[in-house]
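Trainee: dropping the sequence and predicted coords here.
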Amino acid sequence: MAKLLKIQKTSMNSLKHAWHHIRRSPFQSLIACLVMATTFFVFTSFLIISQGLGAVLDYYESKPEISLFLNDGLDKSTVESIQKQLMNYPSVREVKFTSKEKALAIYQEQNKDNPLLTEMVTSSILPASFDVSVNDPKVLETIYHDFTNKKEWVSDIIYQKDIIDQLLNWTRMIRTAGLTAVALLTLSGFGVIFIILNMKITNRKEEINISRLLGASKYFVQKPFLIEGIIYGLSGGIIGTLISLGLFAYLSSELNQFFRPVVFYQPTISSFLLLLSIQSLFGCVIGFISSWFGVKRFTKY
């Protein structure tokens, strides 16, 4: 029991010393916290965006579809012939025909909050179309190549492969940029904490030497600086993560509306607490490692 109380007292003293160091150089401490907060803001935002884009990709890959827009003036028999040809492809799940009138009704429903757009559009300028859903995405490639050459029937083709390829390119670019930014900011945070602690160590070199001469152990002298580094990492992790989560929670309805019917980001208490815990722990690790390298010079005293 006495030993436990002694450990608790030592820990409290080290925490007080660390807080004293922070208060003696507030601007340096603020810079360290801001750099770490920026790092975790970018990191958390990167994780949320990657997860959202992954959900969008999964949606399009699980619902393979191709849309064929027909030329104006085609008679009923030609339209029926096109539909029969589409139905004859293997793995076709559904062939849905949308007439000009139905296309206008869909357009009016989608833009019912903007009467100027609905008043300017009539069924005559909207094309009829076929939406083909399949079980095997490879069939879409065949349909695309077959009907690309039939310009007398089809004016345009929207193939989800193009959407998926674009999403993959965006995802790769965002992930590359995000990982690069996170790596650079992590190194910056590591370097800032390392430099700040080294400056503090240099300023207290005489004080440290006296403590060592009076019998203080290396660990006793190092501990306040290690705790100080952990405080920088922890506070930066919490602040940066909270700002990012708050921003995406605020923008979640707009993001989900833009990517509908896919839910791009849905804030929940469990995901909030989990991400905040992970980022806080990661901040403590970065702060501890950078401060540990900073105090290695104590080994020579």
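Mentor: Arrived safely, thanks for sending. Keep in mind it's a predicted model, so treat the numbers as computed, not measured.
Trainee: for the stretch 101-250 of the chain, which segments count as helices?
Mentor: Here the stretch 101-250 of the chain has its helices, by DSSP state H, counting those that start in this stretch, at 115-120, 137-148, 160-203, 205-213, 218-258.
Trainee: mind checking these for the one nearest to Thr39?
Mentor: helix 160-203 (3.9 Å; CB to CB). C-betas here are computed from N, CA, C, even on glycine.
Trainee: on contacts alone, who are the packing partners of that closest one?
Mentor: helix 26-62, helix 137-148, helix 218-258, helix 269-294 (3 or more CB pairs under 8 Å, 6 or more residues apart in numbering; DSSP states H and E).
Trainee: out of these, nearest to Asn71?
Mentor: Per CB to CB, nearest to Asn71 of these: helix 137-148, 11.8 Å.
Trainee: flag the shaky bits of this protein, pLDDT-wise.
Mentor: 1-26, 61-64, 115-121, 123, 164, 203-222, 297-301 (pLDDT under 70).
Trainee: can you spell out the domain ranges of it, please?
Mentor: 8-60+166-298, 64-159 (automatic domain parsing).
Trainee: out of those, deepest packed?
Mentor: Comparing the domains of the chain by mean neighbour count (mean count of other CB atoms under 10 Å), domain 8-60+166-298 ranks first with a mean of 17.
Trainee: roughly how far apart are Gln273 and Val134?
Mentor: One correction, residue 273 is Leu, not Gln. 42 Å (CB to CB, to the nearest Å).
Trainee: next: Phe282.
Mentor: Counting by CB to CB - Phe282 and Val134 are separated by 43 Å.
Trainee: what does Val262 give?
Mentor: For Val262, the distance to Val134 - CB to CB - is 20 Å.
Trainee: kindly report the same for Thr202.
Mentor: As judged by CB to CB, Thr202 and Val134 stand 69 Å apart.
Trainee: if we can go back for a sec, turn the helices of the stretch 101-250 of the chain into a markdown table, including distance to Pro127.
Mentor: Output for the helices of the stretch 101-250 of the chain, formatted as a markdown table (distance: least, CB to CB, whole Å):
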| stretch | distance to Pro127 |
| --- | --- |
| helix 115-120 | 17 |
| helix 137-148 | 14 |
| helix 160-203 | 18 |
| helix 205-213 | 79 |
| helix 218-258 | 25 |
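Trainee: and these: which comes nearest Leu126?
Mentor: Nearest to Leu126 among the helices of the stretch 101-250 of the chain is helix 115-120; the distance by CB to CB comes to 11.9 Å.
Trainee: re earlier: between the helices and strands packed on helix 160-203, which one is nearest to Lys84?
Mentor: helix 137-148 (13.5 Å).
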